[in-house]
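Engineer: Generate a structure from the sequence data that follows.
(chains A and B)
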There are 2 protein chains.
Amino acid sequence: MPDTNSPRPVPAALLATLRSIVGDRGLLTAPSDTAAYAEDWRRLYRGRTDAVIRPASTREAAEVVRACAEAGVAVVPQGGNTSMVGGAVPAEDGSELVLSLARMNRVRDLDPVDLTLTIEAGVTLKAAQDAAAAQGCLLPLSIGSEGTAQIGGILATNAGGNNTVRYGNARDLVLGLEVVLPDGRIWNGLRRLRKDNTGYCLRQLFVGAEGTLGVITAAVLKLFPQPVEVEVALCAVPSPEAALDLFTRFQRHDAASIQAFEYMSGAGMDLVLRHIDNARLPLAQTAAHYALIELATPRPQAGLRATMESLLAQAMEDGIVDDAVLAENTSQRAAIWHLREEHSEAQKRAGASVKNDVSVPVSRVPELIRRAGAACTALMPGIRVVPFGHMGDGNIHFNLAQPEGMDAAAFLARDHDIMDTVGEVVRDLDGSFSAEHGIGKLKPYMMPDWRGGAELELMRAIKHAVDPRNLMNPGKIFP
Amino acid sequence: MPDTNSPRPVPAALLATLRSIVGDRGLLTAPSDTAAYAEDWRRLYRGRTDAVIRPASTREAAEVVRACAEAGVAVVPQGGNTSMVGGAVPAEDGSELVLSLARMNRVRDLDPVDLTLTIEAGVTLKAAQDAAAAQGCLLPLSIGSEGTAQIGGILATNAGGNNTVRYGNARDLVLGLEVVLPDGRIWNGLRRLRKDNTGYCLRQLFVGAEGTLGVITAAVLKLFPQPVEVEVALCAVPSPEAALDLFTRFQRHDAASIQAFEYMSGAGMDLVLRHIDNARLPLAQTAAHYALIELATPRPQAGLRATMESLLAQAMEDGIVDDAVLAENTSQRAAIWHLREEHSEAQKRAGASVKNDVSVPVSRVPELIRRAGAACTALMPGIRVVPFGHMGDGNIHFNLAQPEGMDAAAFLARDHDIMDTVGEVVRDLDGSFSAEHGIGKLKPYMMPDWRGGAELELMRAIKHAVDPRNLMNPGKIFP
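Structural biologist: This next block holds a predicted model:
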């Protein structure tokens, strides 16, 4: 751990140079201004920084990075700062500067024939979605923090979310990138091509690299035609196996219309119904397990409602669905999604909780839910097992809430035991210890164990080749 | 150019070591056996090699690569050897060994719930398609050489093909990889996860690297539900602009059912009808431009035929389609595709031709066809402009056949002039000089001009980090 008692201030000459590049508006140095940028929103980490630099253009960003590189000062690229794993916080010794992309927020181009959106890193995901919708297009990325998260961070962390089952992760939506490299050079890879086999696929190296290889300043994203029919159903199902069976039926029938397929546990739903004011279950009674299905298509007269009704009727007949409700309008749709989206908040209100953002092959989700649940209960009787999430892509947020009445600190003191317990099952099922949140500062210590050997050595070799002085977001990903 | 008069034989001790690893069956050393592996099938390049090594397992492949690395001998990984750009031919001086993956041809696993196929590099694409189909699944990669091309080469070159418009390139179908690194270490990244954010995305670095970073020995590929309805139409259209308009209409209506959308020029079709024995145009008269549309879906009772008919009827009313025919059965479908697939063969029979595998943003395909065609005609009156290919992803094979009666050698002597003429237009339209065939030995000289500066420097830095002694497929990609 860095010694917070030994601050390493950034040279005043560098700050003066940076001010000359970005101007007064582009440089925050007052502690009251910089504090919010130095802490992650989950409050897992609090760093310090002498300055937050806010370039207004790619050229400014490049000059800033070059000046920092020449001074040997590390840079922490930051978007909306909504990382779940402390991916954008500077070090505690104050030796790193934060490079905020927030002022680079222009939509550069949208082509509704090519279905491409060329956009700067600082645009929020919500603003990008809106820009697409205004031209009758869909940007199919949706995450809880979309009002704050920015495109640059979304790509640097390869964000997932609810629609991955259909459209893939952020990675799958990127056609082109513009990146400022660790020495201040600009790589302009803003191509809008669906096919381009001309050497190594650099864009996929920067996507998901969490800012450790350079600063993403702009991107070309794929768009899709906007859906015209949307149907949402909430189902009570007797088991995780039944939920998987239901998913498989929808997938076999018409994979291309599954916009989301989410799993929720009975325990998690109970917490939502108890702790969230306007949460109401639109089913006759509570259940042990739930599935939330969203279908959507741009096809006119597609008859998605009939599809949903007939598949669910058959599923009820076959005993894999106990009860189901279809949203009749937009507000009912929102009310059903509300039950899913408030899971984290409900868990927060129920006391301390330990989060595990894990994934397994889709076919193994039921086994994950059963085995990891049993293992955690064996570890700590009374622990509340509240797994939920993206069943359709095998990504379950396997969260554990403290036993009722237990001391929160005593519970959290065992967080590593709990994470290891879940992790063992995940590993046995060929899963991953970080499905969509990434590594950041929270999980580098897990890398040698899970991705060690040739894999971590390769990552280190690439990091060293691209950023030999380790000046780009140091302390993230690598242990 | 290497001096072919100065052969650099591989040390006999290395050959003995290799024989001890792979056995007699795994090592070909007779010139009559190795010759076919040392020449590319287009006969653009003829190299020489002292041995073709055919390991039967990943472990053997790793030991082979390690032994070669220790001896300082370069390795050329080779699959079906169907590269269009000489991507798998060894050097002319005999200093490189060919590593054939042909004996690593097992399907390791197919999971119809996860929709994943775990497969070794030496399986042909056709055999992989068949393995998927046997379980009611679709492996949506289709290229002309699929009976010979192997999965390893398909991935190393990021193959494209007819279905890219819907399913993306080979890159988009890869969930996991197993790779033998240049020093003989094995990276086992055979994960079957839809979400996994744990450091750099190494698999996308090896896909498309043309064997210059390591040897792909196995992969996990995404599968899809098999379509139950398929419709194929051939349309006569008045202009490239009309073809694009038609594509856009289908895309807006139901992008998820467009399996292929191909463009053909009147001149190209004329060559097919003249030179291919059983080619017959199922329309009343020839046209200046054609579009081939294939729709497919796993949805039962999807009514694709009605969709096709109503969109085409509207298009005819609006004057963007002059005539159209729908295939009534499988053999009619094949007959229509035959017209498209025999384009290369017909051009071959018509004399010498120059091929340009280029791409532009989809919206700019009509401009590419017009401008590059006019520029080539201005360069060489009488030249036959025969562009065809994947309009739906902006990838046009912009081929030029020699003027009738011209001397073939005289025509081919101007191939660089012709390629440059097309290239200038492509560049002006923000396109790529290699859409799906890659760089190989044919196009490294174009890299500095098209991908120079920071991009090529980054590629070189990565190459050096992963293969510091340049022992993996040297002479490919890099100039």
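
Engineer: In stretch A:372-392, which residues are buried?
Structural biologist: A:372-373, A:375-376, A:380, A:383-392 (16 or more other C-beta atoms under 10 Å in any protein chain shown). To be clear about C-beta, it is placed using only N, CA and C from the backbone, and glycine gets the same treatment.

Engineer: And stretch A:243-261, by the same measure?
Structural biologist: Residues of stretch A:243-261 classed as buried: A:243-248, A:250-261 (neighbour count, 16+ other C-beta under 10 Å).

Engineer: cool, and stretch A:226-239?
Structural biologist: Quick answer for stretch A:226-239 (16+ other C-beta under 10 Å): A:Gln226, A:Pro227, A:Glu229, A:Val230, A:Glu231, A:Val232, A:Ala233, A:Leu234, A:Cys235, A:Ala236, A:Val237.

Engineer: near chain B, anything from that stretch?
Structural biologist: No - Stretch A:226-239 stays clear of chain B (C-beta under 8 Å from any C-beta of the partner chain), getting no nearer than 9.3 Å.

Engineer: hmm, stretch A:388-395 touching chain B?
Structural biologist: Yes - using C-beta under 8 Å from any C-beta, stretch A:388-395 reaches chain B at A:His390, A:Asp393, A:Gly394, A:Asn395.

Engineer: Any idea how far apart the tips of that stretch sit?
Structural biologist: By C-alpha to C-alpha, to the nearest Å, the extent of stretch A:388-395 from end to end equals 9 Å.

Engineer: Return the distance of it from the chain's centre.
Structural biologist: 13 Å (C-alpha atoms, centre = their mean, to the nearest Å).

Engineer: got it, and stretch A:131-140?
Structural biologist: On C-alpha atoms, centre = their mean, the centre of stretch A:131-140 falls 21 Å from that of its chain.

Engineer: Any buried residues in it, and which?
Structural biologist: By 16+ other C-beta under 10 Å, the buried positions in stretch A:131-140 come out as A:Ala131, A:Ala132, A:Cys137, A:Leu138, A:Leu139, A:Pro140.

Engineer: Pipe these into TSV and attach secondary structure per row.
Structural biologist: Output for these, formatted as TSV (DSSP: H, G, I helix; E, B strand; the rest coil):
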residue	secondary structure
A:Ala131	helix
A:Ala132	helix
A:Cys137	strand
A:Leu138	strand
A:Leu139	coil
A:Pro140	coil
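
Engineer: What is the nearest of these to B:Gly23?
Structural biologist: A:Pro140 (51.2 Å; C-beta to C-beta).

Engineer: A:Tyr167 is in contact with that closest one, correct?
Structural biologist: Yes - counting by C-beta atoms under 8 Å, A:Pro140 touches A:Tyr167, with 4.0 Å between them.

Engineer: any chance you could map the strands in the stretch 251-400 of chain A?
Structural biologist: Under the criterion DSSP state E, counting those that start in this stretch, the stretch 251-400 of chain A carries strands at the ranges A:258-265, A:289-297, A:323-326, A:353-354, A:357-359, A:384-390, A:395-401.

Engineer: Kindly spell out which helices and strands sit in contact with the fourth one.
Structural biologist: What it means is strand A:353-354. Packing partners of strand A:353-354 (3 or more C-beta pairs under 8 Å, 6 or more residues apart in numbering or on different chains; DSSP states H and E): strand A:395-401, helix A:415-428.

Engineer: Of these, which stretch is the most buried?
Structural biologist: Among the helices and strands packed on strand A:353-354, the stretch with the highest mean neighbour count (mean count of other C-beta atoms under 10 Å in any protein chain shown) is strand A:395-401, at a mean of 27.

Engineer: all helices for the stretch 101-250 of chain A, in order.
Structural biologist: Under the criterion DSSP state H, counting those that start in this stretch, the stretch 101-250 of chain A contains helices at A:125-133, A:151-156, A:164-167, A:203-206, A:240-254.

Engineer: All set, thanks.
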